[in-house]
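1. Below: sequence and its predicted model.
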Amino acid sequence: MKYFYSFLLWSLFTVSVANAQQKLNFNYAETPLISVIKDIETNYNVTFSFANAITEDKKITLQLTNVLLEELLTFLEEQTGLKFQKVSENQIIITPDKGFVKNQSLDEVVITGYITTGIDRNKDGSIEVNTKRLGILPGLVSTDIAQSIQLIPGITSLDESATGIQIRGGSPDQNLILYDNIKLYNTGYFYGTFSLFNPFSTQKATIFKSGTSPVYGDRISGIIDITSGDNIPEKTEGGVEIDGISTNVYVKAPFSKKVAMYAFARRSYSDLVKTPTYNSYEDKIFTNFGVAKDINGNTLVLETDDDFSPETSDNDFSFADFNSKLIYKPNNKNTLSVSGLYTRNRLDFNFTGGNELILDSLITQNKGVSFNWKHASNERQHEKLTAYYSEYNSFYQNNEIKDETGDGIGDLSEINIRKNDIIDVGLNFLSTRKIKESQELKIGYQLSYTDLDILISKESPFDAELESSNQDNNNLKNALFGEYTFNFKNKSLISGGLRLVHYNALDEFLIEPRVNFEYQINNQLRFKTAIERRNQPISQLVEFNHTELRLENQLWRLSDNEQFPLLSSNQVSGGLLYHHNKLNIDVDAYYKELDGLTTFTNGFSNPLENLEKGKSTIKGLDILLKYKFNNYKVWAGYTFNDISFKFPNLKDTPESFPGNNDITHHFRVSNTLQLKKWQFSLGWQYRSGKPVTPVNSYEVKIDADGEPAGVVNFGSVNSRRLPDFHRLDASIIHDFNINTKAKALKGQVGMSFLNIYNRVKPLDLIYKAERKPLNDGGIAIPGTTGTTPEELEVILEQVIQRFSLGFTPNISFKLFF
């Protein structure tokens, strides 16, 4: 029956429906606004009311295909700074926004609705997600930026999370993520399952997969630049939302025509009420064991007491976040804003196994504030000054209480603490000069200081032992950059940039060249290529020894060019972009070389005790196909990745082997259908399994204490793969109005279903093992000294498995005023 329901849902999207609203194509190049208005009046049968003076000297440059009237008006607002308010079905009023700073550097949109409504492709190759226009997506009922961008080929997540985002084979810590110019070091709750970005507070995100502007630095993979917006609303507006995990509210209030305040707040309620949505995520997070087998299919019988599940453990989880923004526009040349951000994630966990009680506590939080000043010296010259403060704190404590006597009274036997704190402050300046209509020059300077602290300790009160490691590192960065862009008359583009960086912690200057070229062969076909070099002075280590849950066990470290080298990346990409009428085809191939990897920064499934340095090569191909038929849209994305690691000092490993994050094939197909105020979406995705190291042999022996000890022999690193992953997701959204005497309210109710056919498979596998000496009779020799590494046996203590999310329903109710 589950396959029947899946087929039934899929069949909904094979029915074509009459177009509920007319969609047309527009192509303007420096066209007077008054001419554009007349075009719209003729094509959409509407009437505009406005004062002639506000349309003078306004010119429009855009290329849009198959757009709704509301979408077109949004683009006109962005280019003109005017307000286009639809007061009836056929009447639109145009009014001035007195606090608007005109941007000559506005990215020209090449394809609107590149994947779906609200996801557009800019001329420079970046992809823009506008939550105001974002359409329904499969499995989602809220406009979650982190989940939405995973529809883009080349962007995926190994563990279904909102934060474990890989962009073209890069690990999540290799992505630069900014919120209102605040640099973020953690972007998720509940071990990254949920995004910390309040859906109401994220107006727009710009994503770079390649061809990155030299404005951005310090990371070697993708760029995700999020803004909450800076418009001053004409009147107070707000909204409230409740779904299966949290409640969410926001208010945008104008104090005058020049000053406005935004406020966003959200909190989970699973510590008070646990819904079916939360229970499903709980099953995923708090199940750490399953059937483990060796290479011959034999089940590994492990003597362990710390396999836990939701049925054998208790947890208390909550998260909360608050965002605010003050905007001041004294005149049409200046915009000043101050943004603030605070997020907090808390988890208490306990588990009883055998004679041992385990207590875990985890707190992570982000704090940040930024000051932004945009200034227009004249029509051709713009400046932007930004100052920011960012703080990240993570504290984890694990207490183990043992009842050695069996009298029911336990004693504290072990305390493990893991603490990671980061303070990052910086100042950025950018000057943009439009030399001619076809040429633009950007120059800028960045100064930042990062202070990072790590504490790892293990205390055994019984044995009066204490192991502790506390390290405090810092880094001062100075960066100077420039970028020149030339726009051809046929809408082609070439830009070249250079970034010069000095990192105090490394005491060296680094040069990062960037080149981005797009050539329009004809009105339908574009050729694109990009070359870039980038460096990263900070990365995450995976730490397993002092944690029970073994989740969110990444610790940030600064590079020192000794134990923890600087990460460097060279990337070249090229492809074709075809766009005609209702069809989009985008093909992009890329090649990346990464240097500075270590065995600790990538989290191998088998225990590697020594820190070794290595390199990685990534070959990839991204393909996107999208087609629109009236109110029905279908898009399919495919990504091929070949990620290989080379660690020459690792023993018994081939010269090259699959990387830990090597997902060879990833395919996703999505459908959306709009029927008046109803929206439907259905999507299916498939990807290859993650590489893991197999167990060649496993033999249980008895140690000197008479306890079983499982001696394991691992196979070649990452030579096997977990089962392939696939799931079917669906969403339904209905918009409605509530008319009251005071005012009309807008409402929305939505339902989503993840993994409709409930296929649960392991997504990750980790071995917990240690080396011990055994004599010829298979007996461990306590206190043996002078033993060489070759004489030690690897004792397998536990196999930790993480599974995919099961069937997960969710419901959302929103109300806007």
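-> Yep, it's here.

2. my guess is residue 250 meets residue 238, correct?
-> Yes. Here residue 250 reaches residue 238: they are 5.7 Å apart, a contact under Cβ atoms under 8 Å. For the C-beta atoms, the positions are set from N, CA and C on the backbone; glycine is no exception.

3. neighbour count winner among those two?
-> A direct count of neighbours by other Cβ atoms under 10 Å for residue 250 and residue 238 places residue 250 higher, at 21 against 17.

4. In terms of helices and strands, where is residue 147?
-> helix 145-148 (DSSP states H and E).

5. what ranges do the helices span in the stretch 151-300 of the chain?
-> Along the stretch 151-300 of the chain, the segments classed as helices by DSSP state H, counting those that start in this stretch run 276-285.

6. who does the residue nearest to residue 483 when sequence neighbours are not counted bridge with?
-> Leaving out its chain neighbours, the residue that sits closest to residue 483 by Cβ to Cβ, 6 or more residues apart in numbering is residue 497, at 3.7 Å. Following DSSP bridges, residue 497 is listed with bridge partners residue 483, residue 514.

7. same deal with residue 578?
-> The partner list for residue 578 in beta bridges (DSSP bridges) reads residue 525, residue 585.

8. Enumerate every residue touching it.
-> By Cβ atoms under 8 Å, 6 or more residues apart in numbering, residue 578 lies in contact with 524-526, 584-586.

9. Go through those residues and say which is closest to residue 124.
-> Each of the contacts of residue 578 was checked against residue 124 using Cβ to Cβ; the closest is residue 526, at 12.1 Å.

10. Isn't that closest one up against residue 110?
-> Yes. The pair residue 526 / residue 110 is scored as a contact, 7.4 Å apart, by Cβ under 8 Å.

11. Pick the one among the contacts of residue 578 closest to residue 403.
-> Taking Cβ to Cβ as the measure, residue 403 sits nearest to residue 586 out of the contacts of residue 578, at 61.5 Å.

12. how near is that closest one to residue 657?
-> 31 Å (Cβ to Cβ, to the nearest Å).

13. Give me the more crowded residue out of these two.
-> Set side by side, residue 586 and residue 657 show more neighbours around residue 586, with 23 against 19, by other Cβ under 10 Å.

14. circling back to that earlier point, sort out which of the contacts of residue 578 are buried, if you could.
-> When these are checked for burial by 16 or more other Cβ atoms under 10 Å, the buried set is 526, 584-586.

15. care to break the protein down by domain?
-> Split into domains by automatic domain parsing, the chain comes to 2-222, 255-353+360-403+416-816.

16. Distance to residue 244 and mean pLDDT added to those, as TSV?
-> As requested, the domains of the chain are exported to TSV (distance: least, Cβ to Cβ, whole Å; pLDDT from 0 to 100):
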stretch	distance to residue 244	mean pLDDT
domain 2-222	9	80
domain 255-353+360-403+416-816	3	88
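
17. Buried deepest among the ones you listed, which one?
-> Highest mean neighbour count among the domains of the chain (mean count of other Cβ atoms under 10 Å): domain 2-222, with a mean of 19.

18. Give me the distance from that one to the chain's centre.
-> 17 Å (Cα atoms, centre = their mean, to the nearest Å).

19. Ok, stretch 692-707 next?
-> Offset of stretch 692-707 from its chain centre (Cα atoms, centre = their mean): 39 Å.

20. What is the end-to-end distance of it?
-> One end of stretch 692-707 to the other measures 29 Å (Cα to Cα, to the nearest Å).

21. List of residues touching it?
-> Applying Cβ under 8 Å, 6+ apart, the contact partners of stretch 692-707 are 292-295, 298, 300-301, 303, 604-606, 708-722, 765, 767, 772, 774, 778-782, 796.

22. For residue 526 and residue 110, list the residues in contact with both.
-> In contact with both residue 526 and residue 110: 577, 579, using Cβ under 8 Å, 6+ apart.

23. Specify the beta-bridge partners of residue 540.
-> Residue 540 has the following beta-bridge partners by DSSP bridges: residue 556.

24. right, I mislabeled it, should have said residue 712
-> Applying DSSP bridges, one finds that residue 712 bridges with residue 698.

25. gap between it and residue 68?
-> For residue 712, the distance to residue 68 - Cβ to Cβ - is 60 Å.
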